[in-house]
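Colleague: just coords:
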């Protein structure tokens, strides 16, 4: 992406609202956005009549479910509005993107080291826990003590 890339929400003439990394581009008198990892957020609402409450949820999905490419071009003539995401919007987008990729029919490996919250692999933690267990003072060879 270029230096003028930013995280944004785009409202399209179709009514869809996308969250994505966006780069404005001009080429051969055509103006368009180069959009990376576009996702849509669907909102669901269920009513629990027994408890008298409404439960809302957000469901992130890839915008183009069956695309194997993470980038697409959207011509500016198809965009009604563009708004840059703030810090919290960017955090929400990055977490929603992980969920959207995992629920996509086109599966791709999500490299945990590149995502927020990565603390290690199961293999690394297993070795560390086994080491800590072996070094603990409470470990004896007699299973009944």
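Modeller: Alright, I've got the coordinates. Owing to the predicted nature of the structure, the values given are computational and were not obtained by experimental measurement.
Colleague: Quick check: nearest residue in space to residue 81, chain neighbours excluded?
Modeller: Counting by C-beta to C-beta, 6 or more residues apart in numbering, residue 81 lies nearest to residue 11, which is 4.3 Å off, once chain neighbours are set aside. Yep, even glycine has a C-beta here, placed from its N, CA and C like the rest.
Colleague: residues touching that neighbour, list them.
Modeller: 17, 79-82 (C-beta atoms under 8 Å, 6 or more residues apart in numbering).
Colleague: Surely it is in a helix?
Modeller: No - the assignment for residue 11, made by DSSP: H, G, I helix; E, B strand; the rest coil, is strand rather than a helix.
Colleague: Distance of it relative to residue 127?
Modeller: Plainly put, residue 11 is 49 Å away from residue 127 if you go by C-beta to C-beta, to the nearest Å.
Colleague: which strands and helices sit next to the biggest helix by length in the chain?
Modeller: Across the chain, the longest stretch assigned as helix under DSSP state H is helix 87-103. With contacts defined as 3 or more C-beta pairs under 8 Å, 6 or more residues apart in numbering; DSSP states H and E, the packing partners of helix 87-103 are strand 6-12, strand 17-27, strand 30-48, strand 53-62.
Colleague: The next helix or strand after it: how far from the chain's middle?
Modeller: Counting by DSSP states H and E, the next helix or strand C-terminal to helix 87-103 is helix 122-135. Chain-centre distance of helix 122-135: 31 Å, with C-alpha atoms, centre = their mean, to the nearest Å.
Colleague: Fine, thanks again, bye for now.
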